[in-house]
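Novice: Attaching a predicted model along with its sequence, questions to come.
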Amino acid sequence: MNRAERLAAILADFAKVEGALLPILHEVQAAFGCVDAEAEATIAAALNLARAEVHGVVSFYHDFSAAPDPRPCLELCGAEACQARGVNALLAAARQAAGERVRVKTVYCLGVCSAGPAARTGDRLHARLDEETLVNLVNAL
């Protein structure tokens, strides 16, 4: 199945779903590694939305990217609770360990505020991080 057919299939899966924009965007991101301008336009047309509305959602949420990046990604929580627990002191160590091999991305709130500093790799959450644990996590990616 080519890209256009896959995108059409995703849209068809959600044709009768109320409020389908976010689920569609998640499926497109998973299928193609990004939600690019072409996908935004196709989704907007299918949902009878302005492309600007779709782009606004894509650019607002950290789960979506406009271009694919084949590197593994470490998402480090930058919300206030994790800041209070010292995440900013860990950021330099994470970036140094990552180099160019791993993408380190600061995101806003992973939802484990009581167990910060926190990070996510793929669908897996990591909590109560210290520098050694975080560097080991980056090196394992």
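Specialist: All right, it came through fine. Residues are numbered from 1 along each chain as shown.
Novice: quick one, strands of the chain?
Specialist: Here the chain has its strands, by DSSP state E, at 73-77, 103-107, 119-121, 124-126.
Novice: Partner strands of the second one, with direction?
Specialist: Spelled out, that is strand 103-107. Strands adjacent to strand 103-107 in the sheet, as given by DSSP bridges, are strand 73-77 (parallel).
Novice: Convert the C-alpha atoms of the strand it pairs with to CSV, please.
Specialist: Extracted in CSV, the C-alpha atoms of strand 73-77 (Å, rounded to 0.1, in the frame of the first residue of the first chain):
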residue,chain,number,x,y,z
CYS,A,73,13.9,9.9,20.9
LEU,A,74,14.2,10.7,24.6
GLU,A,75,11.4,13.0,25.7
LEU,A,76,12.4,14.8,29.0
CYS,A,77,9.6,16.4,31.0
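Novice: my guess is Val58 contacts Val35, does it?
Specialist: Yes - using Cβ atoms under 8 Å, Val58 is in contact with Val35, at 5.0 Å. Just so you know, the C-beta spots here come from the backbone N, C-alpha and C atoms, and that holds for glycine as well.
Novice: Residues in contact with both of these two, list them for me.
Specialist: Leu25, Phe64, Ala66 (Cβ atoms under 8 Å, 6 or more residues apart in numbering).
Novice: what residue is smack in the middle of the chain?
Specialist: Asp63 (2.4 Å; Cα atoms, centre = their mean).
Novice: what does the worst-scoring helix or strand of the chain on mean pLDDT rub up against?
Specialist: Lowest mean confidence among the helices and strands of the chain (mean pLDDT, DSSP states H and E): strand 103-107, at a mean of 92. Residues from elsewhere that reach strand 103-107, judged by Cβ under 8 Å, 6+ apart: 62, 69, 71-78, 91, 94-95, 98, 120, 138.
Novice: Return the set of buried residues in that strand.
Specialist: Val104, Thr106, Val107 (16 or more other Cβ atoms under 10 Å).
Novice: Name the nearest of the residues you listed relative to Glu40.
Specialist: Lowest distance from Glu40 to those (Cβ to Cβ) belongs to Val107, with 20.9 Å.
Novice: how about the helices of this protein, start to end?
Specialist: Applying DSSP state H to the chain gives helices spanning 3-13, 21-32, 37-47, 51-60, 80-84, 87-98, 131-140.
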